[in-house]
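Peer 1: any chance you could fold what I've pasted below:
(2 chains)
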2 protein chains.
Amino acid sequence: MGEIPFPRGVRDLMPNEAIARNEVMEKIEQVYRSFGFLPIYTPYMESLDVLKAKEVIGEENKLIFELKDQNNGLRYDHTVGLARYISMHNSMPLPFKRYAIGTVWRMDEPQRMRLREFAQADVDILGGDAIKANAEAIAAVCKAMDELGLDYTIRLNSRQTVDVFMERIGLKEQTQKIMRIMDKADKIGREGVSKELAAMGLKEDSIDQISAFVGVSGTNEERIKAINGMAGSEDACAEISGTLELLQKYAIKGKCIVDPSIVRGIDYYTGIVMETIDNTGVAGSTSICSGGRYDNLVSRFSESKLPGVGFSIGIDRVLDVMKFGDSKKRTYAKVFVAYIKEQNYNYALDVAMKLRSAGVEVDLNQASRNISNQLSYASSLGIPYSIVVGPKEQDAGKVKLRNMDTGDESEISVDEAIASISK
Amino acid sequence: MGEIPFPRGVRDLMPNEAIARNEVMEKIEQVYRSFGFLPIYTPYMESLDVLKAKEVIGEENKLIFELKDQNNGLRYDHTVGLARYISMHNSMPLPFKRYAIGTVWRMDEPQRMRLREFAQADVDILGGDAIKANAEAIAAVCKAMDELGLDYTIRLNSRQTVDVFMERIGLKEQTQKIMRIMDKADKIGREGVSKELAAMGLKEDSIDQISAFVGVSGTNEERIKAINGMAGSEDACAEISGTLELLQKYAIKGKCIVDPSIVRGIDYYTGIVMETIDNTGVAGSTSICSGGRYDNLVSRFSESKLPGVGFSIGIDRVLDVMKFGDSKKRTYAKVFVAYIKEQNYNYALDVAMKLRSAGVEVDLNQASRNISNQLSYASSLGIPYSIVVGPKEQDAGKVKLRNMDTGDESEISVDEAIASISK
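Peer 2: Numbering: from 1, shown residues only, chains lettered A, B, ... in the order given. The predicted model follows:
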């Protein structure tokens, strides 16, 4: 059938990549569970009315994968489904802390670090004290990133300070667009930024004011003070500094920097917002973990107004940062059972099942080939041990255990082999 | 916004259900890994050309969820993606044993035990000796069902015997339809079956022959002999009996019955086919695990002809059979940290983080409420232990540990609390 058609913006993972992905997801999940987050399950598909709920996601709703013949689409994040869920099942004890790890879709133009199908690992806290919840949720994603050995910087801001400031200088409507340009300073330089802002029709005076706002420097305390001076947004600044203060108690490894250029694309955020940059540079300026406070999201679906905060680790980006394609582990099997003659197969199977019952992961040869080809197969998968059984071993009720790295062999009982492999 | 729109045929899971689901998936995955199956990742969406590849799935292709503005659809099983994957990345050492656990979609009419979005847990073996691979793959799904405590009966057949037999009596084209009717004997009785077959235009003679074929009785050996007598399909009968013989070595708990009425809906099967019935009756006659041998699937996408065999556990059906909604565990947290006064929060957080570092799952109060409401919350989630810290505990550097079941309390160090909770 010629070239095999394959969707744009998705990817296949080889066994070593899939194992690395499993390990990343398992580590993150363990951390989320250790923080007392509960799992819920919301479907991969939601009604378009929910996904496109007015003012929920703003411009991003053009990125929704819509299904044919159904008024449904694929979820673009885990948060909107959560808000819908809470509105439909409102008997949860509060605060409601949930985690969600799974695939979401955006019909974005595929590029480096931007797939159309990718996994996110979220924590959310609905209800509770805002600052405590902010810190707990940020700490959970950071602890997960620590567990993965990532080196990252947290860029923290409040959407509210930006909104108040932009309103003050009469540019509220264009906040998103302006901030996106400001955020490019690293790439296109200050001059480039000014040029693009001028192209939008901004006056020099406004450009200077914005530059001063996003250009605050010094310690986080100094930055917050400067931001407050320009925006006059006491509450929002108190949220930032309170969150930062608590975060120190969690002893997370990443560095936190107050950065007024952070606004996040999705429109439902109302308070603190965060983006996390990989310090190794692999992800460039693309955020590997982000989120923020959304205090009105649930109220779009129900009477209740339930403030929330949530952050999301971009699993596929993290995998790329960790260069998961180089990962060596290609199988979970710890031992490969080979047999010399066809009539030894039943004995080999007995041995394999005994090992499996003891919790050892076992692959068993099941193809007609000589012993050398059997061991080549085991070796190509990087299975650390092989067991060979032939007429001699079968008669003696023993096995020949071979360490595939060192080549050491010993003729022992199955129980001894289990002990040897398990240690 | 009035009633909240929700897609048909999908479901939300409450935390206790989501935890039960996680446990089921984790147990299955552990068994698959213990058999040496490798994970790969194939996307949730595939090209429609792949999903609808001629003769691959037959009638079921009307059940594909198609995406708008894309020539793509959502996967309806894990097998077609595997065949496409193998054709694109043909460097796998053979036999290639892979597992896949995840969501698939079918735009079927939703009903009991038939969702539109549901999870399947598959094993597949490409290459290798057919009978050994059949038994290994069936054993893997059965061991997983054993691990879940399911009580099941395996109904095994060969698609080939049926095809040969139907060809013999000149009804090959209608095999699928006829077998579906035959399969309803339990529900509508022999007379009902005859009536429906007559309505299809079948002659009494043919109906009698088919009745005799699917009505074979006795031991499995006797059944195979009778089937061979009617179909004259030596090879296919040898595949069934060889597979059954090996399966005994695996000591699986389910009973295997040779049942010529099993044909499976999907057209890509060529050899043995299997359906698994839940003996508790919850799932009725709906299969909870099924699959079979497909020797031509890969060749539809590439030059190579790679025989394969695969089986799939229907996770959502299994969850329903296990009555997972009754599951009591609502959180992973083992301890809830409460604090008496606001100024004890930092100490409570320290305690929580120490416990978490020691691998204990901890929820921490983060809402303004008195100690009694804090403990009610912990109790409503069924968290087994609480730790209460107040000025007294903070000054002494201790915690008050409470067993939420017995009410026993003790004032101890954090290390002692960790030891107590972990044992």
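
Peer 1: residue A:148 reaches residue A:21, doesn't it?
Peer 2: No. In this structure residue A:148 lies outside contact range of residue A:21 using CB atoms under 8 Å: 11.7 Å. The way it works is simple: take the backbone N, C-alpha and C, and place the C-beta from them, glycine included.

Peer 1: so residue A:122: helix, strand or coil?
Peer 2: Assigned state for residue A:122: strand (three-state reduction, DSSP: H, G, I helix; E, B strand; the rest coil).

Peer 1: how far away is it from residue A:78?
Peer 2: 4 Å (CB to CB, to the nearest Å).

Peer 1: what do these two both touch?
Peer 2: By CB atoms under 8 Å, 6 or more residues apart in numbering or on different chains, residue A:122 and residue A:78 have these common neighbours: A:100, A:310, A:312.

Peer 1: now, these that are in strands?
Peer 2: Members of those lying in strands (criterion: DSSP state E): A:100, A:310, A:312.

Peer 1: could I get the full set of strands for the stretch 301-423 of chain A?
Peer 2: Using DSSP state E, counting those that start in this stretch, the strands of the stretch 301-423 of chain A run over residues A:308-314, A:335-339, A:362-364, A:385-389, A:399-403, A:409-412.

Peer 1: oops, could you answer that again for the stretch 151-300 of chain A instead?
Peer 2: Using DSSP E, counting those that start in this stretch, the strands of the stretch 151-300 of chain A run over residues A:152-158, A:255-258, A:272-278, A:287-294.

Peer 1: how about these in TSV, adding mean pLDDT?
Peer 2: Shown next, in TSV, are the strands of the stretch 151-300 of chain A (pLDDT from 0 to 100):
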stretch	mean pLDDT
strand A:152-158	97
strand A:255-258	97
strand A:272-278	96
strand A:287-294	96
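
Peer 1: can you put the strands of the stretch 301-423 of chain A in CSV and add mean neighbour count?
Peer 2: Listed next are the strands of the stretch 301-423 of chain A as CSV, based on neighbours: other CB atoms under 10 Å in any protein chain shown:
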stretch, mean neighbour count
strand A:308-314, 27
strand A:335-339, 27
strand A:362-364, 26
strand A:385-389, 23
strand A:399-403, 20
strand A:409-412, 14
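
Peer 1: quick one: closest of those strands to residue A:200.
Peer 2: Ranking the strands of the stretch 301-423 of chain A by proximity to residue A:200 (CB to CB) places strand A:308-314 first, at 29.0 Å.

Peer 1: what strands line up against the closest one, and which way round?
Peer 2: strand A:117-126 (antiparallel), strand A:287-294 (antiparallel) (DSSP bridges).

Peer 1: show the average pLDDT along that strand.
Peer 2: The pLDDT scores in strand A:308-314 average 97.

Peer 1: interface residues of the stretch 101-250 of chain A facing chain B?
Peer 2: Applying CB under 8 Å from any CB of the partner chain, we find that the stretch 101-250 of chain A lies next to chain B at A:103, A:105, A:107, A:117, A:125, A:127-129, A:132-133, A:136, A:143, A:246, A:249-250.

Peer 1: quick one on the thing from earlier: so for residue B:49, which of the strands of the stretch 301-423 of chain A sits nearest?
Peer 2: Nearest of the strands of the stretch 301-423 of chain A (CB to CB): strand A:308-314, 30.0 Å.

Peer 1: taking strand A:152-158 as reference, get the angle to the closest one.
Peer 2: On the basis of axes from the mean of the first three to the mean of the last three CA atoms, to 10 degrees, strand A:308-314 is oriented at 150 degrees to strand A:152-158.

Peer 1: so residue A:122 and residue A:78 - more neighbours on which side?
Peer 2: Using other CB atoms under 10 Å in any protein chain shown as the criterion, residue A:122 and residue A:78 rank with residue A:122 on top: 26 against 23.

Peer 1: model confidence for the more buried one, exactly?
Peer 2: Note on residue A:122: pLDDT of 98.

Peer 1: run through the residues that contact it.
Peer 2: Contact partners of residue A:122, counting by CB under 8 Å, 6+ apart, are A:77-79, A:99-101, A:291, A:310-313.

Peer 1: ok, now with 6 Å
Peer 2: A:78, A:100, A:310, A:312 (CB atoms under 6 Å, 6 or more residues apart in numbering or on different chains).

Peer 1: same question, residue A:181
Peer 2: With CB under 6 Å, 6+ apart, residue A:181 has these contacts: A:193, A:196-197.

Peer 1: how about these in a markdown table, adding neighbour count and pLDDT?
Peer 2: Shown next, in a markdown table, are these (neighbours: other CB atoms under 10 Å in any protein chain shown; pLDDT from 0 to 100):
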| residue | neighbour count | pLDDT |
| --- | --- | --- |
| A:193 | 22 | 86 |
| A:196 | 18 | 92 |
| A:197 | 22 | 91 |
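
Peer 1: which one among these gets closest to residue A:258?
Peer 2: Nearest to residue A:258, judged by CB to CB, of those is residue A:193 at 19.6 Å.

Peer 1: what's the spacing between whichever residue of the stretch 151-300 of chain A sits closest to chain B and residue B:394?
Peer 2: Relative to chain B, the nearest point of the stretch 151-300 of chain A is residue A:249 (5.2 Å; CB to the nearest CB). Distance, residue A:249 to residue B:394, by CB to CB: 14 Å.

Peer 1: single out the most deeply packed of the strands paired with strand A:308-314.
Peer 2: Counting by mean count of other CB atoms under 10 Å in any protein chain shown, strand A:287-294 has the highest mean neighbour count of these, with a mean of 26.

Peer 1: pull the residues that contact it.
Peer 2: For strand A:287-294, the surrounding residues in contact (CB under 6 Å, 6+ apart) are A:141, A:264, A:268-276, A:278, A:308-314, A:317-318.

Peer 1: how many residues are close by the nearest residue in space to residue A:157 that is not next to it in sequence?
Peer 2: Using CB to CB, 6 or more residues apart in numbering or on different chains and skipping residues adjacent in sequence, the residue nearest residue A:157 is residue A:262, 4.0 Å away. Around residue A:262 there are 25 other residues, counting by other CB under 10 Å.

Peer 1: before we move on, what about residue A:26?
Peer 2: Residue A:26: 12 neighbours (other CB under 10 Å).
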